[in-house]
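*Asks:* Got a sequence here, can you model it:
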Amino acid sequence: MDEFRLLILMFICHVLDDFVLQLACLSKLKQKSWWMSQTDNELYKRDYYVGLVVHSFSWSGWILLPLIFFAPDVPGTMLLIAFLINGILHAIMDNRKANKLDVSLLADQLFHFFQIMVTWIVLCVVR
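*Replies:* Model prediction:
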């Protein structure tokens, strides 16, 4: 499969995971304010990290699926590194959007598109 088609599939996977597969409950679980509105128990004040991590690494896996299935020449170690870096960056950005409230949805999505472009360039074009 040519590189451009892989890029298009990566963007489709992004939209699927970020907007279709991310259930409303997972969206709430990423928000510290939701957890605190449920109870004033200090035990739950950091549980929103679980929602952030679950969604972020799900997203990271989904955007890499086209490369896993249609670019067998990409080394597994490179895929693993891309998975980890993208998951961490996605969690940081989603935390800023959902909890710190200093990033808009537009900025969040542009950053994720940038992540996909860099991942595609590094793993498909430059390599």
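
*Asks:* which regions of the protein sit below the pLDDT cut-off?
*Replies:* 1, 23-29, 33-36, 127 (pLDDT under 70).

*Asks:* Kindly list the longest helix within it.
*Replies:* Criterion DSSP state H: the longest helix present in the chain is helix 48-70.

*Asks:* Next secondary structure after that helix?
*Replies:* The element immediately downstream of helix 48-70 (helix or strand, assigned by DSSP states H and E) is helix 76-95.

*Asks:* Tell me which residues of that following helix come out buried.
*Replies:* By neighbour count on 16 or more other C-beta atoms under 10 Å, the buried set for helix 76-95 is Leu79, Ala82, Phe83, Asn86, Gly87, Leu89, His90, Ala91, Met93, Asp94, Asn95. No exception for glycine: its C-beta is placed from N, CA and C like everyone else's.

*Asks:* repeat for stretch 2-12
*Replies:* Quick answer for stretch 2-12 (16+ other C-beta under 10 Å): Leu6, Leu7, Leu9, Met10, Phe11.

*Asks:* go on, stretch 101-118?
*Replies:* Applying 16+ other C-beta under 10 Å to stretch 101-118 flags Val103, Asp108, Gln109, Phe111, His112, Gln115, Ile116 as buried.

*Asks:* returning to what we had before: and the angle from the longest helix of the chain to helix 76-95?
*Replies:* Put simply, helix 48-70 runs at 140 degrees to helix 76-95, going by axes from the mean of the first three to the mean of the last three C-alpha atoms, to 10 degrees.

*Asks:* For stretch 108-127, give me every contacting residue.
*Replies:* 3, 6-7, 10-11, 14, 18, 59, 63-64, 67, 71, 74, 78-79, 82, 86, 89-90, 93-94, 96-97, 103 (C-beta atoms under 8 Å, 6 or more residues apart in numbering).
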